[in-house]
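In: Okay, here's the prediction I keep looking at, along with the sequence it came from:
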Amino acid sequence: MDSVLKVEYKMNINKSKMRIMVCSRIKSGDAEGIRLGNETLKVVKQFCYLGSKITDDDGSREDIKCRLAVARKAFLKKRNLLTSSLDLSVRKSFLKVFVWSVAMYGSETWTINSLDQKRIEAFEVWCCRRMLKIRWVDHIINKEVLNRIGEKRNLWHNLTRRGDWLAGHVLRHQGITNLVLEGSVEGKNHRGRPRDEYTEQIQKDVGCSMFLEMKELAQDRVAWRAARNQSVLKTKTTVLIQ
């Protein structure tokens, strides 16, 4: 590995910072013997890259938990401002600037299942309760909290819209990001229920039943934006009915 990096790519690697991570369900142990010079590189199960937590299961759950924890900390830092006597509309604007921007960092690439969605929605209600100074002993349901603050799950809607925007942009252009999105992995599916896929998540958001249908829709910016907005509107209607 040392000769390949230096001769072919002319790269100098910092051995103390270099880590190896294998994203696979099958733990073969082949990565344990990778050496750089005279040192064996350390194999890790997760690491932080550009503020996002990447894990060896190639999922988004740990990154979502990490982002929500950091956003919760950001809320507590601005607690005096967000729970002050300022007008509620002003405090909601501060919430989106100081807290939601932290929570949604890198969310365009998340693959979110129902459990992760509940976790994200719970965080939004957590923020609303503290802004309104509602204690858990008051026994006020989440629907009433959202009515008092005048919100309708906007954090989840904004997160979905960001993911749809990125997918449409990638599908309209050719490059390595498009190759990653459309590429396939060799091998067979493992036994058990298959995991949620990123492309299937976007297909559901824009109302497409097949990937080719979604790709053709993405070529038209206006049609893609309309499908995306219709999906958000449908989700809001479902929340109101519930």
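Out: Nice, thanks for sending it over.

In: And this structure, split by domain according to the record?
Out: 2-44, 55-151, 160-183+199-241 (automatic domain parsing).

In: Which of those domains sits closest to His190?
Out: Across the domains of the chain, His190 has its closest neighbour in domain 2-44 (6.0 Å, CB to CB). Where you see a C-beta, it was placed from the backbone N, CA and C, and this is true even at glycine.

In: just how off-centre is that closest one within its chain?
Out: 28 Å (CA atoms, centre = their mean, to the nearest Å).

In: tell me the residue furthest from the middle of this protein?
Out: Note on the chain: the largest C-alpha distance from the chain mean falls to Asn38, namely 38.2 Å (CA atoms, centre = their mean).

In: per-residue pLDDT, that residue?
Out: With respect to pLDDT, Asn38 scores 77.

In: picking up where we left off before, of the domains of the chain, give the one that comes closest to Arg193.
Out: domain 55-151 (10.9 Å).

In: Hmm, Ile54 and Cys66 touching each other?
Out: No. Applying CB atoms under 8 Å as the test, Cys66 and Ile54 come out as separate, 10.6 Å apart.

In: Please identify which of those two sits among more neighbours.
Out: Ile54 (19 against 16; other CB atoms under 10 Å).

In: Phi and psi next, for that one.
Out: Ile54 adopts backbone torsions of phi -110, psi 130, taken as degrees, to the nearest 10.

In: re the thing from before, turn the domains of the chain into JSON lines, columns for distance to Gly192.
Out: Shown next, in JSON lines, are the domains of the chain (distance: least, CB to CB, whole Å):
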{"stretch": "domain 2-44", "distance to Gly192": "10"}
{"stretch": "domain 55-151", "distance to Gly192": "14"}
{"stretch": "domain 160-183+199-241", "distance to Gly192": "17"}
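
In: and Arg191, which of those domains is closest to it?
Out: Among the domains of the chain, domain 2-44 comes nearest to Arg191, with 10.5 Å by CB to CB.

In: Give the closest residue to Ser209 in space, chain neighbours not counted.
Out: Gln203 (7.1 Å; CB to CB, 6 or more residues apart in numbering).

In: likewise Arg172?
Out: Among residues not flanking Arg172 along the chain, Ala218 sits closest, at 5.6 Å (CB to CB, 6+ apart).

In: Could you check how far the one you found is from His169?
Out: Ala218 sits 8 Å away from His169, taking CB to CB, to the nearest Å as the criterion.

In: One more: Glu151?
Out: Per CB to CB, Glu151 is found 28 Å from His169.

In: Next: Leu36.
Out: Leu36 is 36 Å from His169, by CB to CB.

In: Strands of this structure, residue ranges please.
Out: 19-20, 35-36, 39-40, 42-43, 46-49, 52-55 (DSSP state E).

In: So in that sheet, which strands flank the fourth one, and in what orientation?
Out: Taking DSSP bridges as the criterion, strand 42-43 pairs within the sheet with strand 19-20 (parallel).

In: which outside residues touch the partner strand?
Out: Ala31, Ile34, Leu41, Lys42, Val43, Val44, Phe47 (CB atoms under 8 Å, 6 or more residues apart in numbering).

In: hang on, the earlier thing: go through the strands of the chain and pick out the most buried.
Out: Mean neighbour count (mean count of other CB atoms under 10 Å) peaks for strand 52-55 among the strands of the chain, with a mean of 17.

In: For it, output the C-alpha coordinates as CSV.
Out: Presented in CSV, the C-alpha positions along strand 52-55 are these (Å, rounded to 0.1, in the frame of the first residue of the first chain):
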residue,chain,number,x,y,z
SER,A,52,-20.9,13.3,9.7
LYS,A,53,-20.6,10.0,11.5
ILE,A,54,-19.9,7.1,9.1
THR,A,55,-20.4,3.6,10.4
